[in-house]
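Enquirer: Coordinates for the following, if possible.
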Amino acid sequence: MSEESIFLRSDAIVEPLVDRFYASLMTMVPVQAAMNLAFLQVPLLESYLQSPQVHIAASVNPGLRGGFFVNVAEERSGEVRELLASIKRDRAPMLEFGAAVAEAEELVRQGATGFDLTPLYPKLPPALSGLVELAYDTSNQPAIRFLEPLTYESAIYDVGRQSVQLSRETGIERPFILSTPRLPSPDVLDLPIPFGHPGLEELFMARVRPTTAGRLRELLELDDGQAAQMEGLLADEPVLSGDRHIESGARVRYFGHACLVLQTADAAVVSDPFISADMGATGRFTYADLPDRIDLVLITHGHQDHIVLETLLALRGRVGAVVVPRTSRGNLCDPSLALYLRQCGFDVIDADDFDEVPFPGGQVIATPFLGEHADLDVRGKSTYCVRLGGRTIFVGADSSGIDPVLYRYIRGHVGKVDMAFLGMECAGAPLTWLYQALLTRPVTKKMSDSRTLSGSNATQAASIMTELGADEAYVYAMGEEPWLGHVMATSYTEDSYQLRQVAEFLTWCADQGIKADHLYGQHEWRL
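Expert: Purely as a prediction, here's the structure:
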């Protein structure tokens, strides 16, 4: 391979995989990954093998978009069978652990009656030994607390599960990420390396910094065939926008979904990075528009459209630190975002409510977040107020205005907000869509449907604006961008409740003299 300087193509994408399923928080962190493997992914593969035609038909049915179906052609079912067999063989400790969690939860429900919990410890499944604590809350309700840092040292965490698939963006929507394993293909480069591998950082830094094909081959340990495939991902020149940096003042750019890039001449902050690969795209910002150096990345919460490992890995070499919300330490539905990202090679700042994180010429303040998690006890969620260029920007993510007084407290702490960015996916997926594998006691469909992954409706968004006193309001696109279909799997019409609520909110803003817009594609504001 040549030793001439080369760059990573602007349309290169990476899909991080665990046992060939797309890697997300709940499929990678040890306890939750074990339960998802045991109670979602293995049953999903078994169901596909029983009726491939049913899964394939459902996968292409628009009315079932986002459902849990395996979108693999029937002639490749043998590969799915081999994958399932390898998971049952190689991930036996994880499958045993997932079953042990369910058994232990039932034990605690039956045996923890308000008296001393010590006699229950010997009855716990051996797989949990040394990894859990039993406790009551002050209402005498028992629970299991997982000693989460130790689970990364146990048999249920194996970086051998991890691999990456590298390919070029084609413009064709990728399969829904939560259900279809990524099988080998002639047009993708499979690398059986962990996400923290230093070669990945060298590869993705090659978007802005030259490297050589020989160095990549050495660092990524490529054989001849892999090296030949890698050449298709490389280019002689970088694709970088001339205005990706600014020389003075400050600006905010909207990159789609909940991703903002806030910049001055001295610093850059990115919220919930979810970046489009360039495929000759127009009307949206891509990797080519990102600054070469990013001081802080802000993660608002752990849902797969906000902590996007695919994008984070592609940025790792140029990010100073990732700011994440502090979790509740050991709660089954609330895994640590900090532990997760540190395992992937990032420097992480674990922020509690109203913690302040400085950056050159500005400051980030973590602020409380309500709703969006189907009423589960999830502490790992945060909104942020970013101060730069003499302005205060509220990064609201999917926080709901169910209790407007909270935002009065936020304003009392941070002062008046100038610009607010809000999520208004106000009729989101039900509880079981994302958390089914963690529910060791079944819930009824009616109960699940009443507890949704929802942001603010029009009234709640208006309440947030009133309490923050903001002059400008911007509603994120809610999975409307076609390049996000593999993650969001949403389908709206003009009559969709969510869009009608956005329209109602924008009308309210106009009546109040508040500048407002429903975002789609690229936007830029000079501060």
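
Enquirer: Could you export the longest helix anywhere in the chain as CSV, CA atoms only?
Expert: Longest helix in the chain, counting residues (DSSP state H): helix 92-111. Output in CSV follows, covering the C-alpha atoms of helix 92-111 (Å, rounded to 0.1, in the frame of the first residue of the first chain):
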residue,chain,number,x,y,z
ALA,A,92,-23.6,-18.4,27.6
PRO,A,93,-22.5,-16.3,30.6
MET,A,94,-24.5,-13.3,29.4
LEU,A,95,-27.6,-15.4,28.8
GLU,A,96,-27.2,-17.0,32.2
PHE,A,97,-26.9,-13.6,33.8
GLY,A,98,-30.0,-12.3,32.1
ALA,A,99,-32.0,-15.2,33.3
ALA,A,100,-30.5,-14.8,36.8
VAL,A,101,-31.6,-11.1,37.0
ALA,A,102,-35.2,-12.1,36.2
GLU,A,103,-35.0,-14.9,38.8
ALA,A,104,-33.5,-12.6,41.5
GLU,A,105,-36.1,-9.9,40.9
GLU,A,106,-38.8,-12.5,41.5
LEU,A,107,-37.0,-13.7,44.6
VAL,A,108,-36.9,-10.2,46.0
ARG,A,109,-40.6,-9.6,45.1
GLN,A,110,-41.6,-12.7,47.0
GLY,A,111,-39.1,-12.7,49.8
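
Enquirer: Give me the buried positions along that helix.
Expert: 94-105, 107-108 (16 or more other Cβ atoms under 10 Å). C-betas here are computed from N, CA, C, even on glycine.

Enquirer: Ok, stretch 265-272 next?
Expert: Buried, per 16+ other Cβ under 10 Å, within stretch 265-272: 267, 268, 269, 270, 271, 272.

Enquirer: what about this protein, any weak spots by pLDDT?
Expert: Applying pLDDT under 70 to the chain flags the ranges 1-2, 279.

Enquirer: Can you tell me the centre-most residue of it?
Expert: Nearest to the mean C-alpha position of the chain, counting by Cα atoms, centre = their mean, stands residue 307 at 2.5 Å.

Enquirer: Tell me how far that residue lies from residue 319.
Expert: According to Cβ to Cβ, to the nearest Å, residue 307 and residue 319 sit 13 Å apart.

Enquirer: Could you find the closest non-adjacent residue to residue 42?
Expert: residue 87 (6.3 Å; Cβ to Cβ, 6 or more residues apart in numbering).

Enquirer: I misspoke; the intended subject was residue 167.
Expert: residue 188 (4.3 Å).

Enquirer: which stretches of the stretch 201-350 of the chain form strands?
Expert: 211-212, 234-235, 250-256, 259-264, 268-271, 294-298, 319-325, 348-351 (DSSP state E, counting those that start in this stretch).

Enquirer: looking at those strands, which is buried most?
Expert: Highest mean neighbour count of the strands of the stretch 201-350 of the chain: strand 268-271, a mean of 27 (counted as mean count of other Cβ atoms under 10 Å).

Enquirer: which neighbours does that strand have in its sheet, and in what orientation?
Expert: Partners of strand 268-271 in the sheet, by DSSP bridges, are strand 259-264 (antiparallel), strand 294-298 (parallel).

Enquirer: Using CSV, lay out those strands together with distance to residue 527.
Expert: Below are the strands paired with strand 268-271 laid out as CSV (distance: least, Cβ to Cβ, whole Å):
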stretch, distance to residue 527
strand 259-264, 9
strand 294-298, 17
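
Enquirer: closest to residue 68 out of these?
Expert: Closest of these to residue 68 is strand 259-264, at 26.3 Å (criterion: Cβ to Cβ).

Enquirer: Quick check on residue 248: phi, psi?
Expert: phi -160, psi 160 (degrees, to the nearest 10).

Enquirer: wait, isn't it in contact with residue 265?
Expert: Yes. Using Cβ atoms under 8 Å, residue 248 makes contact with residue 265 at a distance of 5.7 Å.

Enquirer: for the residue nearest to residue 167, what are its contacts?
Expert: Counting by Cβ atoms under 8 Å, 6 or more residues apart in numbering, residue 188 touches 165, 166, 167, 182.

Enquirer: and if you look at residue 58?
Expert: Contacts of residue 58 (Cβ under 8 Å, 6+ apart): 64, 67, 69.

Enquirer: Quick check: the two most widely separated of the contacts of residue 188?
Expert: 166 and 182, at 11.3 Å, using Cβ to Cβ across the contacts of residue 188.

Enquirer: And the contacts of residue 58, which of them are buried?
Expert: By 16+ other Cβ under 10 Å, the contacts of residue 58 give residue 69 as buried.

Enquirer: hang on, the earlier thing: could you measure from the residue nearest to the centre of the chain over to residue 283?
Expert: Taken as Cβ to Cβ, the span from residue 307 to residue 283 is 25 Å.

Enquirer: So what's the residue count around the residue nearest to residue 42?
Expert: Residues lying near residue 87 (other Cβ atoms under 10 Å) number 22.

Enquirer: Please identify the helix or strand for it.
Expert: According to DSSP states H and E, residue 87 maps onto helix 77-90.

Enquirer: Does anything pack onto that helix? Which helices or strands?
Expert: helix 42-50 (3 or more Cβ pairs under 8 Å, 6 or more residues apart in numbering; DSSP states H and E).

Enquirer: in the helix it packs on, what's buried?
Expert: Buried, per 16+ other Cβ under 10 Å, within helix 42-50: 42, 44, 45, 48.

Enquirer: just checking, the first one touches residue 95?
Expert: Yes. The pair residue 42 and residue 95 passes the contact test of Cβ under 8 Å, sitting 7.0 Å apart.

Enquirer: Show me the common contact partners of the two, please.
Expert: Going by Cβ under 8 Å, 6+ apart, residues that sit against residue 42 and also against residue 95 are 87, 88.

Enquirer: what angle separates the helix holding residue 87 from helix 92-111?
Expert: Relative orientation of helix 77-90 versus helix 92-111 (axes from the mean of the first three to the mean of the last three Cα atoms, to 10 degrees): 70 degrees.

Enquirer: Name the residues that touch helix 77-90?
Expert: 19-20, 37, 41-42, 45-46, 48-49, 52, 70, 72, 95, 160, 181, 183-184.

Enquirer: cool, stretch 42-52 as well?
Expert: 55, 68-70, 72, 74, 77, 80-81, 83-84, 87-88, 95, 179, 181.

Enquirer: Repeat that for stretch 143-157.
Expert: With Cβ under 8 Å, 6+ apart as the criterion, stretch 143-157 contacts 29-31, 33-34, 93-94, 97, 101, 104-105, 108, 130-137, 329-332, 335-336, 339, 343.

Enquirer: buried set for it?
Expert: 143, 144, 146, 147, 148, 151, 152, 154, 156, 157.

Enquirer: same question, stretch 503-513
Expert: So for stretch 503-513, counting by 16+ other Cβ under 10 Å, buried means 504, 505, 506, 508, 509.

Enquirer: Stretch 203-212 too?
Expert: For stretch 203-212, the neighbour count (16+ other Cβ under 10 Å) marks 203, 204, 205, 206, 207, 208, 211, 212 as buried.

Enquirer: In contact with the fifth one, which residues are there?
Expert: Contacts for residue 207 (Cβ under 8 Å, 6+ apart) come out as 7, 8, 10, 238, 240, 287, 314.
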